[in-house]
Structure formats: structure tokens, C-alpha cells
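>>> below are the sequence and a predicted model for it; my questions follow.
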Amino acid sequence: MAITSSWRAYSDSKAMRASAIKRGTPRGIGERLIEFSLTGCGLLSVLTTLGILSVLVIETIPFFRQVSLAEFLGDSQWTPLFAEKHFGIWPLLVGTLMTMLVAICVALPLGLFAAIYLSEFAKPRTRQIVKPALEVLAGIPTIVYGYFALVVVTPMLQKIVPGLAGFNALSPGIVMGIMIVPMISSISEDALHAVPNGLREGAYALGAGRNATIFRVVLPAARGGISVAVLLAIARAIGETMIVAIAAGQQPRLTFDPRVPVETMTAYIVQVSMGDTPHGTLGYQSIFAVGAALFVVTFVINALGHRMARHAVSS
Amino acid sequence: MRHATRNRRRERFWESFFRKICLAAVALPLLILAGLLLNVLLDAAQRIDWSFISSYPSRKPALAGILPALVGSFYLVSLTAAIALPLGIGAAIYLQEYRGRSRIASLIEVNIANLAGVPSVIYGLLGLGLFVRTVGMGRSLIAGACTLALLVMPIVIMTAREALRTVPNTLREAAFALGATRWQAIRRVVMPQALPSILTGAILAISRAIGETAPLIVVGALTFVTFLPDGIDAPFTALPIQIFNWVSRPQKAFLYNAAAGIVVLLATMLVLNAIAVYFRHRLQRRWS
């Protein structure tokens, strides 16, 4: 660390700049040019964010000229592609929320217990093998999970859950939960790992058993990091698209029954994009309005997560 | 005394019980993953053969193939890499080598962390609004590639930066001591050292791009293509899009096609990741 900071001090100092090739010479111009274009590369990411914001805003404004915000947030139906149009975001929002909740109910216990196993029980060698194996789950394309949810999980669940429709919120939710297990487990494991061993030894010294130490000392000490993991996982589940587009159905309805077809915000965007909705129509603009809502929700949750992560580190 | 022993025994029982639960939490997702792969393989066995890879899509499931999707994915991913890698690695060099702690750098850093959390379907909307409409690329290969490039850029930047960070500062200082300019030090000393790790990150980004579906649907990839793309401004389809199309059909036979497509997709990713592991291995050997 000390080496790094002295390097920084040196490399940013005037002495360093002066010792480099003088400005105005061909080589100096070349150096400036390279630095200039690399800066451009760096700024491209800022431009991407600005691009996302401006595209969403530009296409959403004409949408809200025709549809009032009161209808968007007040109506309980979402039927922009029907003759009788309703533009209430709630059915999409509730569909998104429900699949996300199912996914978190699956991913949180699995991910947290897996993290406890890796951090508190597993031998270093086991850990070295199991960790990358779990990461594979997050690397598989979501279209594959969608296929799995529709073709394998839904028929299996239909034997257990009475009245489960061919498209439902339950099956894609469960599969999505499996997909985000490594996300929760790896961030939680880092948090558990960061708990100082002195705390564990203190608990043992007071006569606590292993379970009591984990539940009463280690988990509470790591709760900041675990909450970050859950927040980021929630944002991921809300933004997940293909699994729900394939297996949850495309029927926006305001229901909390996980057995019937629903539609999420992301699946709606896919549904409209698959059809031939002409540019400039209200249907076309509606995907940007839904996208804007999706962006706001995921951005707020992610920002909260990153903020908590900084606090968890500093405290 | 006996009471204490009983308590201790009970505690032992709960300890091993809890340990087993935690082990199950690790094993269950892995077993499900294995079940998923096995199931896809069995379903794919119904359809996968050479004609599946070399045929065009068809309304008859037994004749339908993935040639245009495969070629489309290849062009798409090559273009994406050609755009995202230089720009992403450039950004990483800027952040790590030029502006370690400046205000702009920390702004860019926060921004990249936020971009990494933006749902991929939103990048699709960006591509549709910016590249397809505003720039006027239409629903073309290049529009899809630009969209995917922006999508994977945060991954490229973060992994490349990590790679540059592992290069010891003594190497840079030695280069400066020999009179190298900053760029010469980066180009001749730092980059060669960091290259294997950067390539590993690049391959990660590429395999992410291969599997992406949602942004391409929004940008306007076609689902029934009976020709190969003949330029970067041609309409296109891609492997995941073709799979999605088959999954959405009610006939069982098309599901076998989807499974066969998934096997081709996963096999491609497996090969890429094997290459990444090889690079990482070579890197470790060099340092030890």
C-alpha cells in the first residue's frame, strides 16, 4: 500500500511530467494524443449512461403526453395492445415483484447457507473446487434457464402444486433463484470471511458452541455484507428477462397467485419487440416508459446496495 | 455432570445437523445444474447431427437447422469484440495508469459499477433508440454489435483494470528510469505482463455476449432467416434468438431443436472458457 501511494504521488507530480518528453516535440505530441484518446475511452462509459437516460427520457415524454401519470400509476389494467387501451403499470410491477420474491425465497437460504459452508466449514481445497463450480450457475445464458423452467420445472411442479398453469410465476421464479445463488453466496462469503477470527475465538472462549458462534456472532457481524448481496440479487432478479419471458406467460394481470400466467416489465418489452409495433405509435413508446420504470427501480436498489457496501467496508 | 454431557451431546447433534444443511445448500444448486445439463443433452440427442448445423430454418422441425443463427452469432460476436475490446482496455489503461485517483476517474468508476447493474434489456432499448433510430443503422448486425459492445464494456474494463493492477510498480519505475515515456512503459512493459489476464477477461466478456438474448430481440434481430448476412448492415439472427423462437412454439419437436441449439451454444462457451483457463494457467506458470 505504501509503495502504491508513493508511486501515485510520484507519477502525478510535476517532476514526473517535466521529466517526460517536452511538449511540442513530435514524441510529446504523440504522448498527449494517446492520453487524450484513452481519456475518450474512459469517458465513453459516462456517455453510455447519458445515452440510456436520454433515450428513455426522449421516448417516454411523448408517451406521457397521451397517458397521464395518474393513469400510469392508478389504473389496475395494462392493455396497450388491445382496442380498449389501459396503461396501469401495476400488473407488470406486481408480476415482476412476485417472480422476484419467489427467486429471493429460493436464493437467499441456499446462497447464505452455501456461503456459511464455504466460509466456516469447508476445507480450503473443497472451497477451491466448489466456488468456481457455483459460479458456473451464473455464467449459463438465461435463455437456457428459460428452457429449463418451461420444459422441466413447470411439468414437475404441476404434479405437486394443484392448479398450476403451464405458464406461471412460480417456476421461472424458482429457476431464477437457482441462477442467483452464486451472486448471494459469493458476496456473503466475502462478508463472512471478513469477520475477524478474534470474534469467533471470543465466542468459543465464553463457552459458545459452533452453531451459537455462527448465528449469534459471525452472522450478525456480517449482516451488512449479506444485505448488500440480497439487494444486488433483488436488482438482478427484477431485471432478468428471458426466463420470465419464456416461462411466466405474457398476460399482464393484477394477481398475487403464483400459479397463473403473469407478465413482468421485462417480458412486456420483449413481447412488444417480437411483434411488429411501428415506430412512433403509443405501443412502441410504451416499452420505453416501462423501461424507464424498470431502470429507476433497479437503479435505486443497486445504488442502495453500493452505498451499503461502502458503509460496510468503512465501519 | 450427566446433565452437562447430555447437553453437549445434543449440541453435537445440532452442529452436525446444521453442517449437513449447509452442505446441502451447496450441493442442491450443483445437482440441479447437472440435472439441467443432462436433460438438455438427452433432449438434444433427438435432433443434433451435422444437418442440424448446416441447414436453414424450416417450418418442419426435423429439417430446421441453425446455420444462419450460427453465422450470425459469429459475425455479431466478432464485431462486438472488435468494438468493445480496444475501447474497454483503453478505458482500463486510462483509469489504472493515468488517472489513479483523480475526480474524473472516480466518477467513471462509480459510473461503471452502476452500468454493470443495468438490466440487459435496457441496453436493448438504448440500442433501439440510439443505433437503430438516431444513428440510422437500422435493425442490422452492426447495431446489434454496438449494443452488445456497450453491454459487455463494464466487464472488459473491470477485468482489464484488475490485470493491470497486478503488474508490479517496480517494472514501471524501471522503464521510466531507462528513459521510457509513459506510453512506451505501458506498451512495452506493462501490457505484455498483463496481457494473459486481460485476454481471460476478454473471453469472459465474449462468452457473455454470445448468450445474450433480450437486447438483441429489442434491437430487432429476426427470428426466421433463410439467408446468411452479407455485410455489417444486413439483417441478422443469432443463436439465442433462434433458440427462443423454437422454445416459444407449442410443438414438442421444436423443443428438441431448441435443446440441440442450447447444446451448440453451451459447447461454444465451454471451448471459449477452456481457452481462458489455458491463458490463466500459462500466466500462473510465468509468475511462479
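Thanks, I have it.
>>> name the element A:Ile246 belongs to?
helix A:242-247 (DSSP states H and E).
>>> what packs against whichever helix or strand comes after that helix?
Using DSSP H and E, the next helix or strand after helix A:242-247 towards the C-terminus is helix A:265-274. Applying 3 or more Cβ pairs under 8 Å, 6 or more residues apart in numbering or on different chains; DSSP states H and E, we find helix A:265-274 packed against helix A:90-116, helix A:242-247, helix A:282-314, helix B:120-126, helix B:214-219. For every residue, glycine as well, the C-beta is placed using N, CA and C.
>>> and these as JSON lines, adding mean pLDDT and distance to A:Ile34?
Below are the helices and strands packed on helix A:265-274 laid out as JSON lines (pLDDT from 0 to 100; distance: least, Cβ to Cβ, whole Å):
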{"stretch": "helix A:90-116", "mean pLDDT": "95", "distance to A:Ile34": "44"}
{"stretch": "helix A:242-247", "mean pLDDT": "94", "distance to A:Ile34": "40"}
{"stretch": "helix A:282-314", "mean pLDDT": "89", "distance to A:Ile34": "32"}
{"stretch": "helix B:120-126", "mean pLDDT": "96", "distance to A:Ile34": "29"}
{"stretch": "helix B:214-219", "mean pLDDT": "94", "distance to A:Ile34": "32"}
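>>> related to what we said a few turns ago, got the CA positions of the helix holding A:Ile246 in PDB?
The C-alpha atoms that make up helix A:242-247 are tabulated as PDB, following Å, rounded to 0.1, in the frame of the first residue of the first chain:
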ATOM      1  CA  MET A 242     -35.600 -14.300 -20.800                       C
ATOM      2  CA  ILE A 243     -36.600 -16.800 -18.000                       C
ATOM      3  CA  VAL A 244     -39.800 -14.900 -17.300                       C
ATOM      4  CA  ALA A 245     -40.500 -14.100 -21.000                       C
ATOM      5  CA  ILE A 246     -40.400 -17.800 -21.700                       C
ATOM      6  CA  ALA A 247     -42.000 -19.400 -18.700                       C
END
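>>> ok, is that helix in contact with chain B or not?
Yes - on the criterion Cβ under 8 Å from any Cβ of the partner chain, helix A:242-247 is in touch with chain B at A:242, A:245-246.
>>> leaving out chain neighbours, which residue sits closest to the residue of the stretch 51-200 of chain B found nearest chain A?
Of all residues in the stretch 51-200 of chain B, B:Pro119 sits closest to chain A, at 2.6 Å by Cβ to the nearest Cβ. The shortest distance from B:Pro119 to any non-neighbouring residue, by Cβ to Cβ, 6 or more residues apart in numbering or on different chains, is to A:Gly239 (2.6 Å).
>>> ok, that neighbour - how many residues close by?
The number of residues packed near A:Gly239 is 25, by other Cβ atoms under 10 Å in any protein chain shown.
>>> which residue packs closest to the closest residue to chain B within the stretch 51-200 of chain A, ignoring adjacent ones?
When scored by Cβ to the nearest Cβ, the stretch 51-200 of chain A has A:Pro141 as its residue closest to chain B, at 2.8 Å. Leaving aside its sequence neighbours, A:Pro141 sits nearest to B:Gly211 (Cβ to Cβ, 6+ apart; 2.8 Å).
>>> mind listing what the one you found touches?
B:Gly211 makes contacts with A:140-144, B:240, B:265, B:269, as judged by Cβ atoms under 8 Å, 6 or more residues apart in numbering or on different chains.
>>> if we go to 10 Å?
A:139-144, A:242, B:73, B:238-240, B:243, B:265-266, B:268-269 (Cβ atoms under 10 Å, 6 or more residues apart in numbering or on different chains).
>>> residue ranges in chain B under the pLDDT threshold?
B:1-2, B:100-101, B:283-288 (pLDDT under 70).
>>> if we use 80, what do you get?
For chain B, applying pLDDT under 80 flags the ranges B:1-7, B:59, B:61-63, B:99-101, B:223-227, B:279-288.
>>> before we move on, which element is the residue positioned nearest the centre of it in?
Chain B has B:Arg208 as the residue nearest its centroid, 1.4 Å off, counting by Cα atoms, centre = their mean. B:Arg208 belongs to helix B:191-211 when assigned by DSSP H and E.
>>> identify each buried residue in that helix, please.
B:191, B:193-211 (16 or more other Cβ atoms under 10 Å in any protein chain shown).
>>> mind checking how far the residue nearest to B:Pro119 is from B:Val121?
The spacing between A:Gly239 and B:Val121, counted by Cβ to Cβ, to the nearest Å, is 7 Å.
>>> likewise B:Cys146?
16 Å.
>>> so where's the longest helix in the chain?
Went with chain A since none was named. Longest helix of chain A, by residue count under DSSP state H: helix A:26-66.
>>> that's the wrong chain, I meant chain B
Looking across chain B with DSSP H, the single longest helix is helix B:2-44.
>>> give me the angle between it and helix A:90-116.
120 degrees (axes from the mean of the first three to the mean of the last three Cα atoms, to 10 degrees).
>>> for the helix or strand just after helix B:2-44, buried residues please.
Following helix B:2-44 in sequence order, the next helix or strand is helix B:50-54 (DSSP H and E). In terms of neighbour count (16+ other Cβ under 10 Å), helix B:50-54 has its buried residues at B:Phe52.
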